[in-house]
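Chemist: I would like the atomic coordinates for the input below:
(chains A and B)
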Amino acid sequence: MSHLHIPDGVLPPILWGPGLALAAVLLLQAVRATRLESPRTIAYQGALGGLMLAVMSIPIPFVALEYCLTLAGPVGVLLGPAAGFQVAFVVCVILALLGQGGLTVVGLNALVLGAAVAVARPLYVRLAPGRSAAAALALATGAAQAVAGLCWFALLTLALKLSPGTPVGIGRGGVRIGLFAGVTIALWLVAIAAESAVAFGVGRFLARVRPDLLPAAPTRAPAVPAAGVP
Amino acid sequence: MINTLAQIDFIATASHSPWHRASALGKLLLAAGAVLLAVLAPHLRLPLALYAIGWLLAVTSRLPLRLLAAAAFYPLLFALLFIALHWDGSWENALRLALRPLTASLYVVWLAGTTPYPDLFAPLSRVLPRQVGDGLFLTYRALFELLGRAERMFRALHLRAAASLPARRRLPLAGEALGTLVLHGFERSQRMYSIMLLRGHSGRICGCRHYAEASPADLWVGLAALAVSAAGVLLWRMP
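Modeler: Okay, here's the model as predicted:
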């Protein structure tokens, strides 16, 4: 749910055109924010981008379904918003060049996947104090997936409203939209649960083996003892 | 998906056809133009003509038919979903809605199947910011190695009866296994950066420089571009 896989020609140009422009602006901002980083970091970004693409292609059995992970949450926590958005963009470009997702919707795909990646670390940093790294990573991932899912729904709703001749909310069209929303919300919840559970495992492993890869939670300043208290 | 990708990657490098010998830049421009025309076409005949030209390109590029069909029909499922949501009783509208993504996908598969990835990424990396351009190369390089490791790891989990565990235990277990891949990716990136420095990395991965070198095979790309342009001019307004 955090990547669209919507092919070319389905969304109206009035939607994908501004999406492409907005993604380009955000990409430039992200590049500016990380311009002082060493090429070593770019190699790490490449490795995590490759991992995202690899896990997207391996279905994991989940109850009666098979689910393809995105790892958007853990990658966002490990890289941060700016570097994470760049990785999301690169992943979407490579997917589009494989015929998965469409060239014209690269911008929108990057915005949806990038939304999940970009919010993950700020959420993790807020959630980490008082929790284990695994729990914080799982919660941040779940919230990031929820944000990406909301963007996904907003885009599809806009697409249906902006397309000429769309029967949204009229007669049987309304029923179709309702059925579509019901199915996708159920899948969305499955996605949130699966990604969070996997992120929990990733966090548990990294906290044990290489805790320095996880961002440090802000340390609380020690309470100043009140005057007269020993 | 990845089997398809691996096959396309191999064929793009190892196969021989006039399209494989043509310059990447010409093919990229042709594919981008055809995709834009297909996506913006107001009536049915233009996407139909572009789809026919796309199949001609794809078949003559010696891509295996099964692979071509798998990749080219990939967007059909999502297109059908959208057609169901848009259905107004008009078969013409439904066909146009289906043809747009199928045509676009066909041209992209033809492009990716006839162009090795360094040639394909090189022109893109010229217009993208440096970090993002470098990211394209490094991500693609990392993909196949990590994919092999991921597949072996999930197979090992399967052999150790991880599939019989309930989902609430299986998914965190898969996550721990993916944690090893994160760690491997981190160590690999450190190693790769050292290798890049040893090889004289100057702060930018340039890709190959012959992506724009014209060859006699580019005449075929020119002819195809002419056919696509003619279809666009003649059929744009034709219902």
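
Chemist: make it CA atoms for all contacts and neighbour counts henceforth
Modeler: Fine.

Chemist: pLDDT score for the residue most central in space within chain B?
Modeler: Centroid check for chain B by C-alpha atoms, centre = their mean gives residue B:112 as the closest residue, at 5.2 Å. For residue B:112, the model assigns a pLDDT of 91.

Chemist: wait, isn't it in contact with residue A:96?
Modeler: No. If you go by C-alpha atoms under 8 Å, residue B:112 and residue A:96 don't touch, sitting 10.1 Å apart.

Chemist: Show me what counts as buried in the helix or strand hosting the residue nearest to the centre of chain B.
Modeler: Assigned by DSSP states H and E, residue B:112 belongs to helix B:91-114. Across helix B:91-114, burial judged by 16 or more other C-alpha atoms under 10 Å in any protein chain shown covers B:93-114.

Chemist: So is it next to chain A?
Modeler: Yes. Remark: helix B:91-114 sits within contact range of chain A at B:97, B:100, B:101, B:104, B:105, B:106, B:108, B:109, B:112, by C-alpha under 8 Å from any C-alpha of the partner chain.

Chemist: Go through those residues and name the one with the lowest pLDDT.
Modeler: residue B:97 (85).

Chemist: is it true that that one touches residue A:9?
Modeler: Yes. Look at residue B:97 against residue A:9 with C-alpha under 8 Å: they come within range, at 7.1 Å.

Chemist: show me what contacts the spatially most central residue of chain A?
Modeler: Among the residues of chain A, the one closest to the centroid is residue A:116, at 2.3 Å (C-alpha atoms, centre = their mean). By C-alpha atoms under 8 Å, 6 or more residues apart in numbering or on different chains, the residues touching residue A:116 are A:2, A:72, A:73, A:76, A:141, A:144, A:145, A:146, A:147, A:148.

Chemist: for the host helix or strand of it, which positions count as buried?
Modeler: In this structure, residue A:116 sits in helix A:106-127 according to DSSP H and E. For helix A:106-127, a neighbour-count test (16+ other C-alpha under 10 Å) marks A:106-121, A:123-125, A:127 as buried.

Chemist: and the nearest residue to residue A:114 once chain neighbours are set aside, how many residues sit next to it?
Modeler: In space, and not counting its chain neighbours, residue A:114 is closest to residue A:85: 4.9 Å by C-alpha to C-alpha, 6 or more residues apart in numbering or on different chains. A total of 29 residues lie near residue A:85 under the criterion other C-alpha atoms under 10 Å in any protein chain shown.

Chemist: and what of the one 5 residues further on?
Modeler: By the criterion of other C-alpha under 10 Å, residue A:90 has 26 neighbours.

Chemist: how about the helices in chain B?
Modeler: Along chain B, the stretches classed as helices by DSSP state H are B:2-14, B:18-21, B:24-40, B:45-60, B:65-72, B:76-86, B:91-114, B:117-127, B:130-159, B:167-198, B:218-235.
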